[in-house]
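> Generate a structure from the sequence data that follows.
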Amino acid sequence: MFGITKMPFGIKIRIPMSYNAIFDRNFYTMDAKMIEKWISALESCSASDNNKDIDNIISLWKFASCYGPETTINDNGSFNNGKGSDIKITFTDVALTNPDTPNILSTLGLNIGAGLHELKDSYYVLLHDQKKNYTPARLIDLEEEIINAIHGKIIPYSYVRRLTRVNGNAGIYTNTSVKKCGRQDILSAINDSPAPKDDSDWLVLILDNLSSQCDSFYFDLSVLSQPFASSYKKVMLFDFYKGEIIDLVTIK
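Numbering: from 1, shown residues only. Just a heads-up that it's a prediction; the model follows:
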């Protein structure tokens, strides 16, 4: 799904060659040329934060490609969602407060054991790659699928690709690492962001599973439902590699 394109400075970035119906080759070609023009302009100036500017350009391009087919990026670096005036977007990376946090899926055995009344065997669960990150509801769906797989039920499986009984202590083991991105992680990213220059500006908080060393993230209800204080019109989580965008609830 991802291709590698070489940009000025020898930078290599991952770009989506197809994104279901929301990413087309014409959009890719137009924005690729625009990005090369922007980066070439940056290359000729002496600003010390060129690399950060380049990162922001790449983030804007990827975010726009995932947001929807009607979105456009203008020469001045503003974003238009096709529903109003141009929007300036600030991008801030989310750094996990505790990068060594354990794999959320390591507790599956306890929850599934309760669902089965007792987990007597050891199972290795090969999971499908997920286009979305985990929430409490999706984690329950995963647990139910594993229980159904243990019972041998023939049903459509969205998460479980293969389940194998293995030797070892009773438990559930998977090929996937899921780390919690908590409320404090997001608050820290918001606090690290500059103040908006206009009431219409958006703040996009970028999640990077490579730097966080995980396959997916987990968000609890304190992230998904409770409001965050921000002067930005919108605050969103954006998983750079999955392309998932989550609107956060905000208050002024």
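
> CA atoms for contacts and neighbours, from now on please.
OK.

> Can you report how many residues neighbour Gly84?
Neighbours of Gly84 under the rule other C-alpha atoms under 10 Å: 7.

> cool, and Val125?
Neighbourhood size, Val125 [other C-alpha under 10 Å]: 20.

> same deal with Tyr67?
By other C-alpha under 10 Å, neighbour count at Tyr67 equals 17.

> what pLDDT does it get?
Tyr67 carries a pLDDT value of 90.

> so it makes contact with Ile245?
Yes - using C-alpha atoms under 8 Å, Tyr67 is in contact with Ile245, at 7.4 Å.

> element containing Phe238?
Per DSSP states H and E, Phe238 falls inside strand 234-239.

> Give the buried residues for the next helix or strand after that strand.
For strand 234-239, the following helix or strand on the C-terminal side (DSSP H and E) is strand 245-247. Going by neighbour count (16 or more other C-alpha atoms under 10 Å), the buried part of strand 245-247 is 245-246.

> And stretch 238-252, by the same measure?
238-246, 249-250.

> Quick check: the farthest pair among those residues?
The most widely separated members of those, counting by C-alpha to C-alpha, are Tyr241 and Thr250 (24.5 Å).

> And Lys242, how close does it get to Phe217?
11 Å (C-alpha to C-alpha, to the nearest Å).

> try Thr72
From Thr72 to Phe217 the distance is 28 Å (C-alpha to C-alpha).

> again, but for Ile104
Distance from Ile104 to Phe217, by C-alpha to C-alpha: 9 Å.

> Can you give me the distance of the closest residue to Ser225 other than its chain neighbours to Lys88?
Leaving out its chain neighbours, the residue that sits closest to Ser225 by C-alpha to C-alpha, 6 or more residues apart in numbering is Val249, at 6.6 Å. Separation of Val249 from Lys88 (C-alpha to C-alpha) stands at 19 Å.

> again, but for Val166
Distance from Val166 to Lys88, by C-alpha to C-alpha: 53 Å.

> What are the neighbouring residues in contact with Asn175?
125-127 (C-alpha atoms under 8 Å, 6 or more residues apart in numbering).

> export those to TSV and tack on secondary structure, distance to Trp61 and pLDDT?
Below are the contacts of Asn175 laid out as TSV (DSSP: H, G, I helix; E, B strand; the rest coil; distance: C-alpha to C-alpha, whole Å; pLDDT from 0 to 100):
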residue	secondary structure	distance to Trp61	pLDDT
Val125	strand	36	96
Leu126	strand	33	97
Leu127	strand	30	97
